[in-house]
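> for reference, the sequence and a predicted model appear below.
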Amino acid sequence: MTFTLIQIAVTVLLLVYAGVWRRQQQKRRGRSWDEIASALRANDWGFDEVASRYLYKGGINATPEDIWPRIDGARGLWAMYINAPLLVQLADYAAEHGDSPDEALLEGLRSDAFQIRLCVLMALGKYAMSRSTVGASVNAHRAAALYSEMLARMTMLFQEHAGQLFPKYLEAM
């Protein structure tokens with residue numbers, strides 16, 4: 001008797017979760033450009049200091065030792081964490097409203113966003129556990145490098161496949 005109640009409870013919980021997830025996906029797909037861009041964290045956390053021409057060229061010009069103070073520590077990492085999935089949403093918006101972009105490019109952007117978030121969580125975890133920036137700086141450097149590459153690829157996507165959205169993209173960044 002209790003086993004069947006547990007089965008029913010688990011089934012109901014899975015159905016509720018599936019419904020909530022589906023509603024969130026529909027909301028996400030229905031968002032406008034301005035709603036997505038307004039959710040981006042402003043670049044006031046020093047990323048432009050570590051990457052010259054960060055929208056057009058990937059790579060960063062900071063060493064792992066000096067990356068932490070230049071991106072404003074945990075604040076900059078958290079901004080990268082928040083912005084990564086929003087940039088993917090912007091890319092999806094461009095794909096829906098532009099000339100059909102390369103699916104490999106979109107998948108690469110999704111992969112970059114996942115890796116950025118993973119690196120940020122590892123860096124913040126190391127920083128929280130040891131209160132030292134030495135261990136966290138390596139993952140922060142990796143996250144910043146991935147973020148820079150992602151922004152450069154996003155710029156390429158907008159220039160080549162969504163030219164009408166490119167000025168809005170530059171304003172948002």
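Everything's here; your move.

> for stretch 98-112, output the C-alpha coordinates as PDB.
Taking Å, rounded to 0.1, in the frame of the first residue of the first chain, the C-alpha atoms of stretch 98-112 are listed here in PDB:
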ATOM      1  CA  GLY A  98      17.600  36.200 -39.000                       C
ATOM      2  CA  ASP A  99      19.100  34.200 -41.800                       C
ATOM      3  CA  SER A 100      19.400  30.600 -40.800                       C
ATOM      4  CA  PRO A 101      22.700  30.400 -38.900                       C
ATOM      5  CA  ASP A 102      25.000  27.400 -38.700                       C
ATOM      6  CA  GLU A 103      23.700  24.900 -36.200                       C
ATOM      7  CA  ALA A 104      27.200  24.000 -35.200                       C
ATOM      8  CA  LEU A 105      27.800  27.600 -34.200                       C
ATOM      9  CA  LEU A 106      24.700  27.700 -32.000                       C
ATOM     10  CA  GLU A 107      25.700  24.400 -30.400                       C
ATOM     11  CA  GLY A 108      29.100  25.800 -29.800                       C
ATOM     12  CA  LEU A 109      27.600  28.800 -28.000                       C
ATOM     13  CA  ARG A 110      25.500  26.500 -25.900                       C
ATOM     14  CA  SER A 111      28.500  24.400 -25.000                       C
ATOM     15  CA  ASP A 112      30.500  27.600 -24.100                       C
END
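
> contacts for it next, please.
84, 87-88, 91-92, 94-95, 146-147, 149-150, 153-154, 156-158, 160-165 (C-beta atoms under 8 Å, 6 or more residues apart in numbering). (Glycine included, C-beta is placed from N, CA and C.)

> buried by neighbour count, from these: which ones?
Among the contacts of stretch 98-112, those classed as buried by 16 or more other C-beta atoms under 10 Å are 84, 87-88, 91-92, 94-95, 146-147, 149-150, 153-154, 156-158, 161-162, 165.

> before we move on, what SS does the residue nearest the centre of the chain have?
Taking C-alpha atoms, centre = their mean as the criterion, residue 84 is the residue nearest the geometric centre of the chain, at 0.6 Å. Per DSSP: H, G, I helix; E, B strand; the rest coil, the local secondary structure of residue 84 is helix.
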